[in-house]
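A.B. asks: below are the sequence and a predicted model for it; my questions follow.
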Amino acid sequence: MDNGRILVVEDDFDISNMLRIYFSGQGYKVDVAPRGSEALAKCRQQAPDLIVLDIMLPDMDGYAVCKELRTNTRTSHIPIIFLTQRDERSDRIAGLELGADDYITKPFDIEELKLRVKNAIVSHQRMNLTDPKTGLPSGRLIEEQLREMIRKSGWSFVQAGIDNMAPFAEAYGFVASDEVLRYTALLLNEVINEYGTAHDFIGHAGSDTFIVITYSDQAAVMGEELRRRFNENIRTHYNFLDSEQGGIRQSDGRIAPFMTLSYGIVTSHSQEFADIREITETAAELRRMSKDKHEQ
């Protein structure tokens, strides 16, 4: 059972450990950060589905952490529940004004916190804001970013996709397939952290397709790094036999090749675009051409 990923930002070990044990038992994957700076680093590496954020932290307060998350394009969508010992109206208002989704005071009822966490995650998924498998922005959030992007200059739009995933899913099942999607999301974050900017955006457009909006001049380098790292490391998701024989042997005796990653890049200076659909269709066509080129 995987109900999503929670990041607990709390410097009190007893509280953070209790929350880790409790929510792990409820089917969540739980990570803990005792400092605000560590929480921000973890979110850049892999965005959680929700953050339980203490206001009183040793290096920076929760308000500063929340503000940083909300001003970074890749983390602005993450639901945040503030956790604090204070119950002042002004504190609650300050947190909500910064974009927090909810607020609960210590000592708290763990069952109440569980319901608030569950409702916040489910609400985001139902509103088509995040993909439940990867935790990345989807649907509406992608569309909003595209509409904002087209009004600007200096952008590059990257459509990246996993090829040959269907035979893998059929042979290994949905659990293994979801792990591949999560691995790809991690890889995207890793590459964007190295070559991108704080204003870049990563989305899971559905199925095996991901998108990146970057304002860095390194878009081509990003694409090649994504392709190279994915293709070099994907074999670890196969068993020994398939890895040795070069793919999955199918019922007709043919070998379905390993999964690979292909991509297409469209930039604001490459041509004039009438609308969002033209951008995404052009990137999809360039991705197909790239896939055919590397399969030859």
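C.D. replies: Structure's in. What do you need?
A.B. asks: every contact and neighbour count from this point should use C-alpha atoms.
C.D. replies: Fine.
A.B. asks: tell me how many other residues surround Ile93.
C.D. replies: When counting by other C-alpha atoms under 10 Å, one arrives at 13 neighbours for Ile93.
A.B. asks: actually, Phe23.
C.D. replies: Residues lying near Phe23 (other C-alpha under 10 Å) number 18.
A.B. asks: same check, this time on Leu7
C.D. replies: Neighbour count of Leu7, defined by other C-alpha under 10 Å: 23.
A.B. asks: what sits up against the one helix or strand it maps to?
C.D. replies: Assigned by DSSP states H and E, Leu7 falls within strand 5-9. For strand 5-9, the surrounding residues in contact (C-alpha atoms under 8 Å, 6 or more residues apart in numbering) are 16, 19-20, 28-36, 39, 48-54, 135.
A.B. asks: repeat that for stretch 23-39.
C.D. replies: Contacts of stretch 23-39 (C-alpha under 8 Å, 6+ apart): 1-13, 16, 20, 57-62, 65, 114.
A.B. asks: give me the buried entries from the residues you listed.
C.D. replies: Among those, those scoring as buried are 3-11, 16, 20, 57, 62, 65 (criterion: 16 or more other C-alpha atoms under 10 Å).
A.B. asks: follow-up on the earlier one: kindly supply the PyMOL command isolating those of the contacts of strand 5-9 that are buried.
C.D. replies: Those of the contacts of strand 5-9 that count as buried under 16+ other C-alpha under 10 Å are selected in PyMOL with:
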select buried, resi 16+19+20+28+29+30+31+32+33+34+35+36+39+48+49+50+51+52+53+54+135
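A.B. asks: mind checking which of the contacts of strand 5-9 land in helices?
C.D. replies: Among those, DSSP state H puts Ser16, Leu19, Arg20, Gly36, Ala39 in helices.
A.B. asks: the bottom helix or strand of this protein by mean pLDDT?
C.D. replies: Least confident helix or strand, the chain: helix 89-97 with a mean of 71, by mean pLDDT, DSSP states H and E.
A.B. asks: next secondary structure element downstream of it?
C.D. replies: Downstream of helix 89-97, the first helix or strand assigned by DSSP H and E is strand 102-105.
A.B. asks: sheet-wise, list the partners of that following strand with their directions.
C.D. replies: Take DSSP bridges as the rule and strand 102-105 pairs in its sheet with strand 80-84 (parallel).
A.B. asks: and Asp163, what does it touch?
C.D. replies: Asp208, Met259, Thr260, Leu261, Ser262.
A.B. asks: most surrounded residue in those residues?
C.D. replies: Most surrounded of the contacts of Asp163: other C-alpha under 10 Å gives Ser262, at 28 neighbours.
A.B. asks: what about that residue, which SS state?
C.D. replies: Following DSSP: H, G, I helix; E, B strand; the rest coil, we place Ser262 in the strand state.
A.B. asks: and Arg116, what pLDDT?
C.D. replies: Looking at Arg116, its pLDDT is 92.
A.B. asks: what of Asn3?
C.D. replies: pLDDT, Asn3: 84.
A.B. asks: identify the residue spatially nearest to Arg229, adjacent ones excluded.
C.D. replies: Distance criterion C-alpha to C-alpha, 6 or more residues apart in numbering; nearest residue to Arg229, sequence neighbours excluded, is Leu187 at 7.9 Å.
A.B. asks: export the ones in helices among the contacts of strand 5-9 as TSV, with columns for distance to Gly246 and pLDDT.
C.D. replies: Formatted as TSV, these follow (distance: C-alpha to C-alpha, whole Å; pLDDT from 0 to 100):
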residue	distance to Gly246	pLDDT
Ser16	45	95
Leu19	44	96
Arg20	40	96
Gly36	45	95
Ala39	40	96
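A.B. asks: tell me the bridge partners for Gly203.
C.D. replies: Beta bridges link Gly203 to Ile211, judged by DSSP bridges.
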